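> Sequence below, structure please.
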Amino acid sequence: GSLQGAWPPLTYLASAGAQKIFGRSLLAEAVLTTGAVAVAAGLTMAAGANLTGVAALGAAAALISVAPSVKLYGYARPLLFSLLLLLVFRYADRPSVRRLVPVSVALSLAFLLRHDYAAYLGIAVVAGIGALHRYEPALAVKRVLWCAGLSILLLLPTVLIVHNLVGIGAYLETARTVMR
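Below is the predicted model:
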């Protein structure tokens, strides 16, 4: 079997879910993409207002973040990036393992939408945790490993499906070929 053209799965499942709700038409995709960009703007505004304490600056950040999203097929980028930004800010407000759970879930969702986004966002999460715990490097490493471990655990069913269908090596080779 081959997973090419049907993986990562959330990319296709999001559109299929929208069609299930709104019918098999372009309206479903329009609602999905514009809704996702609107949610991304709201998340960015919340993060910006939280960071600066000024709602107007949060609104400006939201406008700047969604302006490049005029190509609606790219809705996942602003949605995932704004979501992770807000979740990392929440973690920074009160660092705890409990606050890392949503970060791990969001990283797993990012992987299921676009593998490259998960890599970029994972690097950002590591940088954020590292900066926050810069005076406690052992704690920073422990929290990064915990977050990564939970993300991997959440992705384990997907990894097993890929392994059973095509094999991890074949999947990675296909992904490498597609990225050229």
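
> Arg134 and Ala140 touch, don't they?
Yes - with contact defined as CB atoms under 8 Å, Arg134 reaches Ala140; the gap is 7.2 Å. C-beta here means a position set from N, CA and C on the backbone, and glycine is covered the same way.

> Of those two, give the one with the bigger neighbour count.
Per other CB atoms under 10 Å, whichever of Arg134 and Ala140 has more neighbours is Ala140, with 19 against 9.

> Could you count how many residues lie near the closest residue to that one other than its chain neighbours?
In space, and not counting its chain neighbours, Ala140 is closest to His133: 3.6 Å by CB to CB, 6 or more residues apart in numbering. Neighbour count for His133, taken as other CB under 10 Å: 18.

> isn't His133 right next to Val126, touching?
No - here His133 does not reach Val126: they are 11.0 Å apart, not a contact under CB under 8 Å.

> Distance of the residue nearest the centre of the chain relative to Ala76?
By CA atoms, centre = their mean, the chain has its centre lying nearest to Ala110, at 3.2 Å. As judged by CB to CB, to the nearest Å, Ala110 and Ala76 stand 8 Å apart.

> cool, Ser108 as well?
Distance from Ser108 to Ala76, by CB to CB: 14 Å.

> Show me what the longest helix anywhere in the chain is packed against.
As assigned by DSSP state H, the longest helix anywhere in the chain is helix 137-165. Contact here means 3 or more CB pairs under 8 Å, 6 or more residues apart in numbering; DSSP states H and E; on that basis helix 137-165 packs against helix 97-113, helix 115-132, helix 168-178.

> Mean confidence (pLDDT) on that helix, please.
What helix 137-165 shows for mean pLDDT is 95.

> again, but for stretch 107-114
94.

> And stretch 50-67, by the same measure?
The model assigns stretch 50-67 a mean pLDDT of 90.

> tell me which element Leu84 falls in.
helix 76-93 (DSSP states H and E).

> whoops, I mixed them up, Ser65
Counting by DSSP H and E, Ser65 is found in helix 55-66.

> Residues in contact with that helix: which ones?
37, 40-42, 44-52, 78, 81-82 (CB atoms under 8 Å, 6 or more residues apart in numbering).

> ok, and for it, which residues are buried?
In terms of neighbour count (16 or more other CB atoms under 10 Å), helix 55-66 has its buried residues at 58, 61-62, 65-66.

> related to what we said a few turns ago, just name the most buried of the helices and strands packed on helix 137-165.
The highest mean neighbour count among the helices and strands packed on helix 137-165, using mean count of other CB atoms under 10 Å, belongs to helix 97-113: a mean of 20.

> For that helix, enumerate the helices and strands it packs against.
helix 9-22, helix 76-93, helix 115-132, helix 137-165.

> That helix versus helix 115-132: what angle between them?
160 degrees (axes from the mean of the first three to the mean of the last three CA atoms, to 10 degrees).
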